[in-house]
Every structure is written in C-alpha cells, then in structure tokens.
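[1] Mind folding the following:
(one chain, ligands or ions: 1)
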Amino acid sequence: MKDNSLKPIPSWIQGGENSGFPLNNLPFGIAAFNSGLIAAVTRIGDQVVNLHKLAALDVFSGLHAKLLHVFSQPVLNDFIELGPQVHHDLRVRLQQVFGLDNTDKQQIDVIKSSALTSFNAVRMLMPVKVTDYTDFYSSIEHATNVGKMFRDPENALLPNWRHLPVGYHGRASSIVVSGTSIHRPMGQTKPVNSDAPVFGLTKMLDFELEMAFVVGKNTALGEHVPIGKARDYIFGLMLFNDLSARDIQSWEYVPLGPFLAKNFGSVVAPWIVTLEALYPFRVDGPAQEPEVLPYLKSVEPRNFDVQLEVSIRPEKGNENIVCRSNYKYMYWSMDQQLAHHTINGCNITVGDLYASGTISGRDAGSYGSMLELTWRGANPLKLDDGSERKFLNDNDTVIMRGRCQKDGIEISFGECETKILAAK
Ligand code: MN
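    Model prediction:
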C-alpha cells in the first residue's frame, strides 16, 4: 500500500495530467449537484466523479457493502471510518475503471452519461464533520518570527519549543469550506499608548497558511498512538486558512493562548488528498536539535514536499501572489504531532482536524502570514493596482493553493478561497 513509485496512470478522461487531478491523485470531497442531490465525489481532470452513482452502477462490487450508503452521506466521516484497506482497494478500482486500459466500452459509456459532471457545474461542500480541532505551531521560522515581534528578539523561541510540538485546542464549529465569506470580527484590543482596552473592529485581520490532516481511525481514552504507527491514523490532508485577528490576539492570548482572535472562522479547501497519494512526495524534515525524546523520534522521511502559495485579490482587481512556501519546511511533522497529542491518553476520533500552524520558510517571500510578510505592518506589501496592505482589507479575497510535483506528475490540493466582508 505504501508504494513510493510514481508512474503516470493515463485516463480516458482527458486533461488529468495537466490539471493536478490525474489518477495518481483521486482526492475526496462532497458535491452539491444542480439537481439538488449531494454525494461523495472524486475528481479527474476537470470532471467531478459521483461516487454514489458509481456504487449504484455496481462499479465497486466486492469492495465493501457499505459504500453505496456512505457515498450518499453529506460528509465523508462514515466513508473514512471504513479504514485504510477499503480506501486503498477503492483507489485501485478507480484507477482500473478510469484507466486507459479499461476495455469495457459499455461501462465507460454508462459512466460518461451518468456519473461525470464538470467541476464548474457543482458546488463543493464541507467534506467532513469536524469532530475536534487542534492547531499546532510547528514551523520554526514562524514561531521565531512571532516570538521576535511579540516578545524578545534575542530569545524568540520559548524553552519548550524544540522539545514538543506546541499546540492549542481550537473551535470546530466555525470551520467552513472554501468559497465561504467571513465578516471582519469585533473584539477587545489594547492600543499601544493606553492601559485600557477599547472595543471595535479588528484592524489587523490576517491569514495563516496551513495544512490540516484528517484523522482516519478512532482511539480509546487512555490509548497512545505510537509514532511508528501514526500515519495509519491519518486519512489525508487539506489546505487550511486559519484567519487571525492580530490585535485581538496580542491582548487576549496571555496566559492561555489564542481564543476569539482565531475562532471566528477558518477555511478548508474542498478536497482531502489521501496520504496514500502523497506517499511518493515524502522528504526528510529539518534536523532536530537538541535530540527529541524517544516517543517523538520519527523515522525519516517524515515530511511531505507540497508547494504552497497565497494570493490576495482586491475587489475587482487581479490576484497578487504574496507568499510562496512549502509544507516540507515544518520542524514538527504530522506523526510527531499525533504521537504527542495522544501520549497522555487523549482519545482521537475520525473527523478530527489537526492543523500544522502557519507554514513559513526562511526567506521573506515565504512567510505564511501578513503579520510576518509586512513585519507587523512596518513594511506594507504593494499590490499591482498600486494599493498597499499591512493586513487584509474588506472585500479582499485570499486564495491558497498547494501542489506536489515530481517526475512530470502533479497532485493538486485545489483552492482554499475566502472573501473578507465588512462587519455584520
Ligand atoms: Mn494557526
């Protein structure tokens, strides 16, 4: 199942190779069709494949009796719970059925006429019911930049940072799918030259470029996930925008961490790319110094090479790319995060979401937030319409994209897009 090889798998659906959605990808999502029907889908090229319809056509015969049922559900949780063997068998079946080698013309004709829809003709919905949400803080470049700005330029990293993947429990209720707009939040902030807080709209609304993994297997209370087994508990990965109000955050976060500065809205891309599809893109993580405790010791390669970018599109304007980063920069990896999260016996559930923390690289163009890109507003970004941004303006749209590329094969994570609206 954990195959490192990367061979193109041509499909009778044209265009998959260049779209980021070849048969090597096969991400999962939930689509609403024009007819009003909702179903689990995958994507090949610009075609959305209705998995419920395929199950009804008996394309998945012999795989699992529950597939017809789970693919009619409004979220993927029940499908995810079927387990990695079913996911793998389904992937292989899809690659056979949609591969160029399929000689069953009749089957192809029926699929073409009843199970394929143009991506532009569907509305993508939230792919999972998020059961619990944790956000980590696992990029050493991001943690160092924030530490320099908010605390001490000389000792930016707190003493625990290199010893454990720092994280906090977030809020699941306000995680929404790409395409959902978010209103500028209000809250308490404290002006620099005053001892008393004021109430009003955030003036420092920011994005955080992150990736989030979805848990694919439950544990019981008291159980640990050993680091060597952690990947068996991960179904797949999504793009994640952890919107943040920096002025609210800097006033409220001591001593218990982020609260209202973060839970007014976070946005995920509609596609969950499976860990199996990502396996060929594993790379070594950065060296960890000092050496981590044994329960956090991961076997290399522990990271994944995912190229990431963030654009801002002003109202009626063009997209301006403001950040280019990579998931491989992460100091702490997914398996380390999960091993740490469960080492005290905390139980995890199918549908849990674990976000990476802002993904920043070393150079200034790779910083994953406006806070870092503009150094807390000191160096505003210039957009191509001549306007400047210290943070996000009303009516700005933030678009995140991610892709893996190797040996001529591209795996896309789709887009994670959200528009900032004026206060409600
Ligand atoms: Mn975050």
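[2] Which residue is it, in the stretch 51-200 of the chain, that comes closest to the ion?
    Residue of the stretch 51-200 of the chain nearest the ion, by CB to the ion: residue 135 (4.5 Å). All C-beta spots, glycine's among them, are computed from the backbone N, C-alpha and C.
[3] Can you tell me what sits against the lowest-mean-pLDDT helix or strand in the chain?
    Taking mean pLDDT, DSSP states H and E as the measure, the chain has helix 16-19 as its least confident helix or strand, at a mean of 84. Residues outside helix 16-19 that contact it (CB atoms under 8 Å, 6 or more residues apart in numbering) are 8, 10, 22-23, 44-46, 408-410, 412.
[4] Which of these are buried? Put it as a PyMOL command.
    To isolate the buried members of these in PyMOL, using 16 or more other CB atoms under 10 Å:
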select buried, resi 22+23+44+45+46+409+410+412
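[5] farthest-separated two in the contacts of helix 16-19?
    Greatest spacing in the contacts of helix 16-19, by CB to CB: 46 and 408 (19.4 Å).
[6] Could you list the domains of the protein?
    Under the assignment automatic domain parsing, the domains of the chain span 29-125, 133-421.
[7] Mind checking the pLDDT average for the shortest one?
    Put plainly, it is domain 29-125. Computed over domain 29-125, the mean pLDDT rounds to 98.
[8] quick one, what contacts residue 166?
    By CB under 8 Å, 6+ apart, the residues touching residue 166 are 136-138, 143, 158, 160.
[9] Out of those residues, grab the one that's most surrounded.
    Greatest neighbour count in these, by other CB atoms under 10 Å, goes to residue 138: 25 neighbours.
[10] Tell me how far the closest residue to the ion within the chain lies from residue 26.
    Across the chain, the shortest distance to the ion (CB to the ion) belongs to residue 242, at 3.5 Å. Separation of residue 242 from residue 26 (CB to CB, to the nearest Å): 27 Å.
[11] returning to what we had before: of all the domains of the chain, which one is nearest residue 15?
    Nearest to residue 15, of those and by CB to CB, is domain 29-125 at 3.9 Å.
[12] Pull up the distance across the closest one, start to finish.
    Distance across domain 29-125, first residue to last, is 8 Å (CA to CA, to the nearest Å).
[13] ok, now which ones touch residue 303?
    282-285, 327-328, 330, 333.
[14] State the number of residues packed around residue 286.
    Neighbours of residue 286 (other CB under 10 Å): 16.
[15] residues contacting it?
    140, 329-331.
[16] which one of the contacts of residue 166 sits closest to residue 218?
    Closest to residue 218, out of all of the contacts of residue 166 and judged by CB to CB, is residue 136, at 20.6 Å.
[17] I figured the closest one was touching residue 169, is that so?
    No. Judged on CB atoms under 8 Å, residue 136 makes no contact with residue 169 at a distance of 11.1 Å.
[18] before we move on, the earlier item: quick check, the residue of the stretch 51-200 of the chain closest to the ion in contact with residue 244.
    No. Distance between residue 135 and residue 244: 10.1 Å, which falls outside the contact criterion (CB under 8 Å).
[19] who touches both of these two?
    Between them, residue 135 and residue 244 share the contacting residues 258, 262, judged by CB under 8 Å, 6+ apart.
[20] interface residues of the chain facing the ion?
    135, 208, 242 (CB under 5 Å from the ion).
[21] Could you take those residues and lay them out as TSV, with extra columns for pLDDT, secondary structure and neighbour count?
    What follows is the residues of the chain next to the ion, written out as TSV (pLDDT from 0 to 100; DSSP: H, G, I helix; E, B strand; the rest coil; neighbours: other CB atoms under 10 Å):
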residue	pLDDT	secondary structure	neighbour count
135	98	strand	26
208	98	strand	26
242	98	strand	26
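[22] buried stuff in the lengthiest strand in the chain?
    Taking DSSP state E as the criterion, the chain has its longest strand at strand 409-421. Using 16+ other CB under 10 Å as the test for burial, strand 409-421 gives 409-420.
[23] quick one on the thing from earlier: can you add distance to residue 32 and give the contacts of helix 16-19 back as JSON lines?
    As requested, the contacts of helix 16-19 are exported to JSON lines (distance: CB to CB, whole Å):
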{"residue": "8", "distance to residue 32": "31"}
{"residue": "10", "distance to residue 32": "30"}
{"residue": "22", "distance to residue 32": "25"}
{"residue": "23", "distance to residue 32": "25"}
{"residue": "44", "distance to residue 32": "19"}
{"residue": "45", "distance to residue 32": "20"}
{"residue": "46", "distance to residue 32": "17"}
{"residue": "408", "distance to residue 32": "34"}
{"residue": "409", "distance to residue 32": "30"}
{"residue": "410", "distance to residue 32": "27"}
{"residue": "412", "distance to residue 32": "21"}
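[24] Return the member of the contacts of helix 16-19 nearest to residue 250.
    Distances from residue 250 to those, taken by CB to CB, are shortest for residue 412, at 35.5 Å.
[25] distance of that closest one from residue 328?
    Separation of residue 412 from residue 328 (CB to CB): 17 Å.
[26] now swap in residue 261 and tell me
    Residue 261 is 28 Å from residue 328, by CB to CB.
[27] Between these two, which is the more surrounded one?
    residue 261 (26 against 22).
[28] From what I see, that one and residue 246 are in contact.
    Yes. In this structure residue 261 lies within contact range of residue 246 using CB under 8 Å: 7.2 Å.
[29] Would you check how far apart residue 190 and residue 147 are?
    From residue 190 over to residue 147 (counting by CB to CB), the distance is 20 Å.
[30] where are the low-confidence patches of the chain?
    In the predicted model of the chain, residues 1-5 satisfy pLDDT under 70.
[31] hmm, try it at 80
    Residue ranges of the chain with pLDDT under 80: 1-5, 16.
[32] Now do the contacts for residue 288.
    Contacts of residue 288 (CB under 8 Å, 6+ apart): 162, 331.
[33] how deep is the residue lying closest to residue 301 once chain neighbours are set aside tucked in, by neighbour count?
    Spatial nearest neighbour of residue 301, excluding adjacent residues (CB to CB, 6 or more residues apart in numbering): residue 282 at 4.1 Å. Using other CB under 10 Å, residue 282 has 19 neighbouring residues.
[34] what's the answer for residue 293, then?
    11.
[35] isn't there a helix covering residue 277?
    Yes. Counting by DSSP: H, G, I helix; E, B strand; the rest coil, residue 277 is found in a helix.
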